[in-house]
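Visitor: from the sequence below, what's the structure:
(chains A, B, C and D)
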2 protein chains.
Amino acid sequence: MSKAAVRTGRGRIDKRQAILDAAAVVFAREGYAQAGVDVIAAEAGVAKPTVYNHFGDKESLFRAWIAAEADRAMAKNLAVVDRLQDTGRDLRKVLEDVGHRFLQCYCEDTSSALRRLLYAELTRFPDLADIARGRAANRVNDAFADRLARLALAGRLRISDPAEAAEQFSALLTGPIEARSRLGTRNVPDRELRAISRSAVNTFLRAFGTE
Amino acid sequence: MSKAAVRTGRGRIDKRQAILDAAAVVFAREGYAQAGVDVIAAEAGVAKPTVYNHFGDKESLFRAWIAAEADRAMAKNLAVVDRLQDTGRDLRKVLEDVGHRFLQCYCEDTSSALRRLLYAELTRFPDLADIARGRAANRVNDAFADRLARLALAGRLRISDPAEAAEQFSALLTGPIEARSRLGTRNVPDRELRAISRSAVNTFLRAFGTE
DNA sequence: TGAGAATTGAACTGGTGAGTTCACTTTAGG
DNA sequence: CCTAAAGTGAACTCACCAGTTCAATTCTCA
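Guide: Numbers count the residues shown, from 1 in each chain, chains lettered A, B, ... in the order given. Down below sits the predicted model:
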């Protein structure tokens, strides 16, 4: 139906990617059980047997999408963490910027969909937690903790347990955004994201800053 | 199958409650789409048409369960908030106790199931957010904010925006528990709950306490 | 250009589950 | 004790969907 598949028709790689993209759209829109393989095939501009040629069955296709999406999200989050390297500038400003970017990642449609589907299907596919969460969240937190440890060593933060501090910084962002986005159903305007980040950083620095 | 239905067989009220209890069990175990109405009926010790007599269709039964469960969870959370009234004792101890009890509520099987199902079906039934979230989370946060405001007035906390502080206190609890329970699939031992609460309160008091 | 692989469309199987029907039994309550 | 309402079991309809089959077609690459 839609033109998710580029009309090259050449080789198998293109089709595989087109199917994954289509799966992202349809799974996000309808959920795992409701998503029909026929619909995914149509969305990819591909015949149904082709989907089965590439992925074997619906469950494998689902896992492949989860893994790809988790990797993408993790990469984007790690890129945000890297912005904490230039510690020369005003620390508050830098943290607010990082928080704001974290929230933008968190609010992306694809991220929301991934989180929702993860939650939804966790009982049916328990290993999903390993595929996505272990791959993404933990590594991001570790990288963030490393940055915080550096800042502590440089005397710019008073932190005894960097991993815990990183976890709490994330919590101060995700908790409020979760409530305000009504679990991802409402679109939160950017000015509100900034406000949440500002108040998270404010509390974080009251607790861990060197005034 | 199971004896969820007390074997009185008298009147219609008992059956209705038995069906709701059975729905809780089956929805929690299998999710909305996977839960069969036949299975729920069997679990309630009731015939399938009886389920349809009382609730009309599967969706209404689901909504009724969500509403009942959300009310129950809210009541339990409000009871926890009420423990903040006796402000005579050591504030840190009281907050740690409240945090610990919040986490216990959060970790209950029924609460986890409710949260998971809410997430999962939010796209299909968007009004679920109003039924559950508006009814529960917001009112708990308001009550908690009221308590914090009292404590601030009494000079025991330095808080400018009580609602925001309440939101952040909750965030410092739910964020870490979410990660450590692997989205609710792992059972977190009580000593770990206490540790999370202790470190949340620690950060909270560093930010808002009057040392 | 021609062989072999990938792709297609369309029809088909088989299973599952929501919701209904109906003749029958149980129970409450006057 | 009798009746009307509630409950029961079993069979049934109907729709939906995962996964398969197959003959016909299209593409790649040598």
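
Visitor: A:Lys15 and A:Thr50 touch, don't they?
Guide: Yes. Here A:Lys15 reaches A:Thr50: they are 6.1 Å apart, a contact under CB atoms under 8 Å. From N, CA and C alone the C-beta is placed, and that goes for glycine too.

Visitor: looking at the two now, which is surrounded by more residues?
Guide: A:Lys15 (22 against 17; other CB atoms under 10 Å in any protein chain shown).

Visitor: and the helices in chain A?
Guide: In chain A, the helices defined using DSSP state H lie at A:13-30, A:37-44, A:48-55, A:58-82, A:91-107, A:109-121, A:128, A:137-153, A:162-180, A:190-208.

Visitor: switch these over to JSON lines; also include mean pLDDT and distance to B:Ile131.
Guide: Below are these laid out as JSON lines (pLDDT from 0 to 100; distance: least, CB to CB, whole Å):
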{"stretch": "helix A:13-30", "mean pLDDT": "93", "distance to B:Ile131": "21"}
{"stretch": "helix A:37-44", "mean pLDDT": "97", "distance to B:Ile131": "29"}
{"stretch": "helix A:48-55", "mean pLDDT": "96", "distance to B:Ile131": "36"}
{"stretch": "helix A:58-82", "mean pLDDT": "95", "distance to B:Ile131": "28"}
{"stretch": "helix A:91-107", "mean pLDDT": "97", "distance to B:Ile131": "23"}
{"stretch": "helix A:109-121", "mean pLDDT": "92", "distance to B:Ile131": "17"}
{"stretch": "helix A:128", "mean pLDDT": "90", "distance to B:Ile131": "27"}
{"stretch": "helix A:137-153", "mean pLDDT": "95", "distance to B:Ile131": "29"}
{"stretch": "helix A:162-180", "mean pLDDT": "97", "distance to B:Ile131": "16"}
{"stretch": "helix A:190-208", "mean pLDDT": "98", "distance to B:Ile131": "24"}
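
Visitor: mind checking pLDDT for A:Pro126?
Guide: Per-residue confidence (pLDDT) for A:Pro126: 89.

Visitor: burial of it, as a residue count?
Guide: 11.

Visitor: residues of stretch A:75-92 that come out buried?
Guide: Residues of stretch A:75-92 classed as buried by neighbour count (16 or more other CB atoms under 10 Å in any protein chain shown): A:76-77, A:80-81, A:84, A:91.

Visitor: save those as a markdown table, and put in distance to A:Leu172 too.
Guide: Below are the buried residues of stretch A:75-92 laid out as a markdown table (distance: CB to CB, whole Å):
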| residue | distance to A:Leu172 |
| --- | --- |
| A:Lys76 | 20 |
| A:Asn77 | 16 |
| A:Val80 | 15 |
| A:Val81 | 16 |
| A:Leu84 | 16 |
| A:Leu91 | 16 |
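
Visitor: include distance to DNA strand D when you put the residues you listed into JSON lines, please.
Guide: Listed next are the buried residues of stretch A:75-92 as JSON lines, based on distance: CB to the nearest atom of the strand, whole Å:
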{"residue": "A:Lys76", "distance to DNA strand D": "30"}
{"residue": "A:Asn77", "distance to DNA strand D": "31"}
{"residue": "A:Val80", "distance to DNA strand D": "36"}
{"residue": "A:Val81", "distance to DNA strand D": "38"}
{"residue": "A:Leu84", "distance to DNA strand D": "43"}
{"residue": "A:Leu91", "distance to DNA strand D": "50"}
